[in-house]
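Colleague: compute the structure for the input listed below.
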Amino acid sequence: MATPDGQLFLSCSACERKFWGRHVKDNDHGRLRLNGRVYPVVFNRVMDQAVLDRAWAARVKKLQVYGGGPYNPVPPPDAKRPKDWSTFQLRSAI
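Modeller: Below is the predicted model:
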């Protein structure tokens, strides 16, 4: 998801239980595929609570507009960020 100022985030709930969430370290290089194009990116886990809140708000807003799915239900607009929710900020590696 992206914040209004263009910061890009990739998030997960219970990241430590997921293979990729456990293995991505700060400044790890990876690739992100969007609309058939692959972009080189650098991952950094967000620890700052204010940034986590901004990323969560962007997620909630996105799901209000585009909907969720069976494993990603649409949260209420005022949903609080779960304690086990993590996010990684992505930046271009180019």
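Colleague: flag every buried residue along the longest helix belonging to the chain.
Modeller: The residue-count maximum for a helix in the chain (DSSP state H) belongs to helix 49-66. Of the residues in helix 49-66, 52, 54, 55, 56, 57, 58, 59, 60, 63 count as buried by neighbour count, 16 or more other CB atoms under 10 Å. C-beta coordinates here come from the backbone N, C-alpha and C atoms, glycine included.
Colleague: now what about the next helix-or-strand element following it, what contacts it?
Modeller: Reading on from helix 49-66 to the C-terminus, the next helix or strand found by DSSP states H and E is strand 85-92. Here strand 85-92 makes contact (CB atoms under 8 Å, 6 or more residues apart in numbering) with 7-13, 15, 21, 24, 32, 39-46, 51-52, 55-56.
Colleague: only whichever of these are buried, select them in PyMOL.
Modeller: Here is the PyMOL command that selects only those of these that count as buried (16+ other CB under 10 Å):
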select buried, resi 7+8+9+10+11+12+15+21+24+41+43+46+52+55+56
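Colleague: downstream of the lowest-mean-pLDDT helix or strand in the chain, the next helix or strand is which one?
Modeller: When each helix and strand of the chain is scored by mean pLDDT, DSSP states H and E, helix 19-23 comes last, with a mean of 87. Sequence-wise, the next helix or strand downstream of helix 19-23 (DSSP H and E) is strand 28-34.
Colleague: keeping just the C-alphas, turn that following strand into PDB.
Modeller: Provided in PDB are the C-alpha atoms of strand 28-34 (Å, rounded to 0.1, in the frame of the first residue of the first chain):
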ATOM      1  CA  ASP A  28      17.600  -6.500   2.000                       C
ATOM      2  CA  HIS A  29      17.200  -6.300  -1.800                       C
ATOM      3  CA  GLY A  30      14.300  -7.900  -3.400                       C
ATOM      4  CA  ARG A  31      11.900  -7.600  -6.300                       C
ATOM      5  CA  LEU A  32       8.300  -6.400  -6.400                       C
ATOM      6  CA  ARG A  33       6.000  -7.300  -9.400                       C
ATOM      7  CA  LEU A  34       3.200  -4.900 -10.200                       C
END
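Colleague: what angle separates it from strand 85-92?
Modeller: Strand 28-34 runs at 90 degrees relative to strand 85-92, counting by axes from the mean of the first three to the mean of the last three CA atoms, to 10 degrees.
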